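In: have a look at this fold, sequence not included:
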């Protein structure tokens, strides 16, 4: 059996969020403040029976909460109506047990299966933090603030009274729900839910020291080894633990005997008041030494190197390694507990931002081998939930495990990237490989810029700063340089593959590409082929992204091979260059000429810098240098006040003005 979906309603930014759960690892990614950690905190609070606070109740729902409570206090609605109209914080767990054998014991899931239909293979569990069904208590709490001389007249601090008494007015109730009839449900104990979903959290703020100043993870693990029976230990470590116990027991007896004799003699010699005398019982000392406790609590990591076995304490190692080792110990400790529970439950492991202090290669290794590591240390299936801001972790995971947290005006929703993969099978593999190779941070950006090549990648940050200084972004309070945009060098041949992905993620996306004008010729073999030509001589474009965009605008199939006339492309309106949250820009006519690439467009609007006259021709603009990178770097270094081509400025202004929230 496994957890297949979590639905959260009315918790902070999670107004109505469905999180589809992978059978092994679910990775939640997204930009800052998209309720990634909130998801963990909400689920953990329900599983641990921790009451929610007023701060957890969504801002968008509070006005309704106030108004309904005051309507009840004014005796305008009944208490039953109040309970129905005040929305609770709720969490639903959908468990799939369709893969289980008919004779298997469902263990901790059994109390939550209330549908006797043998064809039902899902269990629905709902936790609600709702108004207590205690009318008198609610009225008594708020009466003083709402009534004066038996007249309804709420004071200013009546609102404060609701806030301060939130945990008294609301309570957590667990239900087993019939998935085929949600009106049929039974109240269950919170302990039954905790038994079904034993959970463990590895928080983002991990204490990494092993220096004895805190309870270390190594000490905790060794304590468990001492406390567990040999039958509970793995065979690979049982012999070593048994050997350690024998050593500790023998050492304890020897030290105990010798210390008792020495200390007894010491005490007897120190007593000088004549008591006790030789005819009475003599003084002695019996100490209670516990070597095993010393081993449990004073064992520390060290690092040994060289033939002479010289060692250094843990704090001398890098934080990244310590973080990884810390998590390994914590995972091992959780695995020991999981083994005790067996397969009669669904263990849930939450890991917040595992990338802390790790260098990129270590982050990649962690993401790649986490499932293998868990499979090695326990045979019980653990469903792991990870939040991360690391492109190295996100791009290591397959799409089926990634959930993108998108923030909208209506709250945060979780998008399953596997849905995109199913709808776009031809693009997905390319995008996956590109993200993996480049470690692109698209998942964490507010906005994206897809550029043609190295020149754009080098020049765009500088051009953005120039546009900001010129006041081009003044329509927005937070201008483009202060917005978190990602720059993706993808090229006109492949940029179109990313456009549906950006639309799926809901990220405003600017595509800056080249016009790439070409004209057809007939070769000696009688076959037509196209050569690069100036825009005025061009018949069409060789740019696949522009061709894809035009076909999309005209409602044509992507595979349509109808020739697109260059004049149709150069005449495209600003509205036609925008498609939902994506906008495309390419070279346009300036100073009477139109370049076919970024380099030609730059030369066209910076003629004096390149020694061109006012009467220059398209041929004069042609780029004939070896390196586009050198061209871009020279421009930045040699011409601080260069002019930005109009199509780039136009695109950047468009992106600056886009709203992130829908």
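Out: Thanks, I have the structure now. Note that the coordinates shown come from a computational prediction; the quantities given were computed from them, not determined experimentally.

In: and the next helix or strand past the lowest-mean-pLDDT helix or strand in the chain?
Out: Within the chain, confidence by mean pLDDT, DSSP states H and E is lowest for strand 310-313 among all helices and strands, at a mean of 48. Per DSSP states H and E, the first helix or strand lying C-terminal to strand 310-313 is helix 319-341.

In: and that following helix, what does it pack against?
Out: Counting contacts by 3 or more Cβ pairs under 8 Å, 6 or more residues apart in numbering; DSSP states H and E, helix 319-341 packs against strand 199-202, helix 217-227, strand 348-352, helix 360-377. In short, each C-beta sits where N, CA and C put it, glycine included.

In: turn those into JSON lines, columns for mean neighbour count.
Out: Output for those, formatted as JSON lines (neighbours: other Cβ atoms under 10 Å):
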{"stretch": "strand 199-202", "mean neighbour count": "19"}
{"stretch": "helix 217-227", "mean neighbour count": "17"}
{"stretch": "strand 348-352", "mean neighbour count": "22"}
{"stretch": "helix 360-377", "mean neighbour count": "16"}
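
In: could you look up the SS state of residue 345?
Out: Secondary structure, DSSP: H, G, I helix; E, B strand; the rest coil: residue 345 is coil.

In: next, count neighbours for it.
Out: 18 (other Cβ atoms under 10 Å).

In: quick one, strands of the stretch 501-650 of the chain?
Out: 509-512, 517-522, 528-532, 540-541, 578-579, 582-585 (DSSP state E, counting those that start in this stretch).

In: can you check the stretch 351-500 of the chain too?
Out: Under DSSP E, counting those that start in this stretch, the stretch 351-500 of the chain gives strands at 383-387, 402-408, 411-416, 447-451, 485-489.

In: and of those strands, who's closest to residue 602?
Out: strand 447-451 (13.9 Å; Cβ to Cβ).

In: ok, residues contacting that closest one?
Out: 442, 457, 460, 480, 483-490, 495, 498, 502, 507-513, 655, 658, 660 (Cβ atoms under 8 Å, 6 or more residues apart in numbering).

In: among the residues you listed, the buried ones, what's the ChimeraX command?
Out: The buried residues among those can be selected in ChimeraX (16 or more other Cβ atoms under 10 Å) with this line:
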select :442,457,460,480,483,485,486,487,488,489,490,495,498,502,507,508,509,510,511,512,513,655,658,660
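
In: pLDDT on stretch 419-433, on average?
Out: Taken as a whole, stretch 419-433 carries a mean pLDDT of 90.

In: what does that stretch contact?
Out: 398-400, 494, 497-498, 500-501, 504.

In: which of these has the largest number of neighbours?
Out: residue 498 (24 neighbours).

In: so that residue versus residue 338, what's the distance?
Out: Per Cβ to Cβ, to the nearest Å, residue 498 is found 41 Å from residue 338.

In: low-confidence regions, the protein specifically.
Out: 99-105, 205-238, 241, 244-245, 248-249, 251-322, 342, 523-524, 526, 662 (pLDDT under 70).

In: and the one helix or strand residue 10 maps to, what does it pack against?
Out: In this structure, residue 10 sits in strand 2-11 according to DSSP H and E. Packing partners of strand 2-11 (3+ Cβ pairs under 8 Å, 6+ apart): strand 14-20, helix 36-48, strand 89-96.

In: of those, which is nearest residue 74?
Out: strand 89-96 (25.2 Å).

In: now the closest one: how far from the chain's centre is it?
Out: Strand 89-96 has its C-alpha centroid displaced from the chain centroid by 20 Å (Cα atoms, centre = their mean, to the nearest Å).

In: name the strands paired with the following helix or strand past it and say parallel or antiparallel.
Out: Helices and strands here follow DSSP H and E; after strand 89-96, the next one along the chain is strand 122-131. With DSSP bridges as the test, strand 122-131 is paired with strand 89-96 (antiparallel), strand 170-178 (antiparallel).

In: contacts for strand 122-131 next, please.
Out: 4, 46, 51-52, 82-83, 86, 88-98, 109, 112-113, 138, 169-179, 182, 185, 188, 193, 196.

In: 6 Å - rerun?
Out: 46, 52, 83, 86, 88-96, 109, 112-113, 170, 172-175, 177, 179 (Cβ atoms under 6 Å, 6 or more residues apart in numbering).
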